[in-house]
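# pasted the sequence and its predicted model underneath.
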Amino acid sequence: MIKVCNSCGKKVLLLFSLLIILITTLLSTSLTNQHQTITIAQTNDNNTFNLYENPTYGIKIQYPSDWGKLDLSFLQDSADIDFYPLSDTSLAKNVKLQVKNLPFHNMTLEEYTNTQINPTEEILLESNTTTLADLPGYKIVFTNMAGLKTMQVWTIKDDKAYIITYVAREEDYENDLQVAKKMIDSLEIK
């Protein structure tokens, strides 16, 4: 058995912790170089918004500067970005932006919409046509058995579906609804 002094053990733990931080920082820097984030000030209210831009998927969206961002797009063949309020400890509230390849070539918005609505798992509150990024789109609002309320808006372009989903507990849904709508309205698709 090897005896390690208490002080030596703390030094090893400290070095290990610093190594983890260094690796995490390098990975984060590498991933940040793939996607640009630019801070811009909004003049119509007192909030500051950041601009998320992903040139690979040709998308831009604004999100509140006091919200976090988790971009998992590098893990798969589709964009998957979660934006969430840093102050929300429930972890139930977020806005998700996804870009997915359509299951069929030349699929229409109506055909895609029919695949998205699932009345057996959710209680549909609203369902109507809309626009998203100046393209024809569709919007639904529904609740589920877990007590979550969801607004989902989508459009299609070039055999890809662009989907924005706002989810919150039913009792908290209205609190950030205007922020979610502002994010949805800010989406740009190239």
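Here it is on my side, so go on.

# rest of the way, CA atoms for contacts and neighbours
OK.

# domains for this structure, by residue range?
Following automatic domain parsing, the chain resolves into domains at 1-34, 67-189.

# show the average pLDDT along the last one.
Mean per-residue pLDDT for domain 67-189: 93.

# where's the spatially most central residue of the chain relative to Leu51, distance?
Residue closest to the mean C-alpha point of the chain, counted by C-alpha atoms, centre = their mean, is Asp82 at 2.3 Å. Here the criterion is C-alpha to C-alpha, to the nearest Å. By it, Asp82 lies 14 Å from Leu51.

# same check on Asn101?
In this structure, Asn101 lies at 24 Å from Leu51, with C-alpha to C-alpha as the measure.

# more neighbours: these two, which one.
In this view Asn101 and Leu51 are compared by other C-alpha atoms under 10 Å, and Leu51 has more residues nearby, 20 against 16.

# which residues does the closest residue to the more buried one other than its chain neighbours contact?
With sequence-adjacent residues excluded and distances taken as C-alpha to C-alpha, 6 or more residues apart in numbering, Leu51 is closest to Gln62, at 4.4 Å. By C-alpha atoms under 8 Å, 6 or more residues apart in numbering, Gln62 lies in contact with Phe49, Asn50, Leu51, Tyr52, Met183, Ser186, Leu187.

# just the pLDDT for Gln62.
We have a pLDDT of 98 for Gln62.

# please shift the residue numbers so they start at 53 in all later answers.
Will do, 53 is the new start, and the previous item becomes Gln114.

# check which helix or strand it maps to.
Using DSSP states H and E, the secondary-structure element containing Gln114 is strand 111-116.

# partners of that strand in the sheet?
Strand pairing for strand 111-116, determined by DSSP bridges: strand 100-106 (antiparallel), strand 240-241 (antiparallel).

# just the C-alpha atoms of that strand, please, in CSV.
The C-alpha coordinates for strand 111-116 follow below in CSV (Å, rounded to 0.1, in the frame of the first residue of the first chain):
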residue,chain,number,x,y,z
ILE,A,111,-30.0,30.3,-39.2
LYS,A,112,-29.9,33.4,-37.0
ILE,A,113,-32.0,34.0,-33.9
GLN,A,114,-31.9,36.5,-31.0
TYR,A,115,-32.1,35.4,-27.4
PRO,A,116,-32.0,37.2,-24.1
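
# which SSE is immediately downstream of that strand?
Using DSSP H and E, the helix or strand that follows strand 111-116 towards the C-terminus is strand 119-123.

# about what we covered before: and the domains of the chain, which is most packed in?
Across the domains of the chain, the average number of neighbours (mean count of other C-alpha atoms under 10 Å) peaks for domain 119-241, which reaches a mean of 16.

# so what's the gap between that one and the chain middle?
Here the centre of mass of C-alpha atoms in domain 119-241, compared against the chain's by C-alpha atoms, centre = their mean, to the nearest Å, lies 9 Å away.

# could you check how far Lys121 is from Met159?
Distance of Lys121 to Met159, computed by C-alpha to C-alpha: 30 Å.
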